[in-house]
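[1] Give me a 3D structure for the following:
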Amino acid sequence: MGCLLYLVSLFLPFLGIIIGAVLWGNHDPEKQKIGKNCLLISILPTVIAIILILVFVFGIFGTAVLSK
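    A predicted model of the protein is given here:
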């Protein structure tokens with residue numbers, strides 16, 4: 001069950017954040033661990049994608065400004 005939730009978190013980050021928050025609030029330590037991992041799996045690729053997009057955009061605009 002945990003592997004399926006991890007895959008959902010990876011491919012559908014918004015749903016993974018919701019699932020992770022619900023499971024993390026549970027009183028069962030095993031479900032809390034799965035919830036925490038779902039949150040990490042959802043958030044980290046999103047943050048990395050935003051950073052790469054910013055690097056790409058500023059890299060293009062930075063070279064255009066420097067070439068003038």
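
[2] Quick check: Ile34 touching Leu5?
    Yes - between Ile34 and Leu5 a contact is recorded at 6.2 Å, counting by CB atoms under 8 Å. Using the backbone N, CA and C atoms, a C-beta is placed for each residue, glycine as well.

[3] Name the residue in the two with the higher neighbour count.
    Ile34 (22 against 19; other CB atoms under 10 Å).

[4] Can you give me the distance of the more buried one to Gly59?
    38 Å (CB to CB, to the nearest Å).

[5] what's the burial count for Ile60?
    Residues near Ile60, counting by other CB under 10 Å, number 10.

[6] Phe56 too?
    What Phe56 shows, counting by other CB under 10 Å, is a neighbour count of 10.

[7] Can you check which helix is longest in this structure?
    In the chain, taking DSSP state H as the definition, the longest helix is helix 29-66.

[8] Give me the helices and strands touching that helix, please.
    helix 2-11, helix 13-24 (3 or more CB pairs under 8 Å, 6 or more residues apart in numbering; DSSP states H and E).

[9] Good, we can wrap up now.
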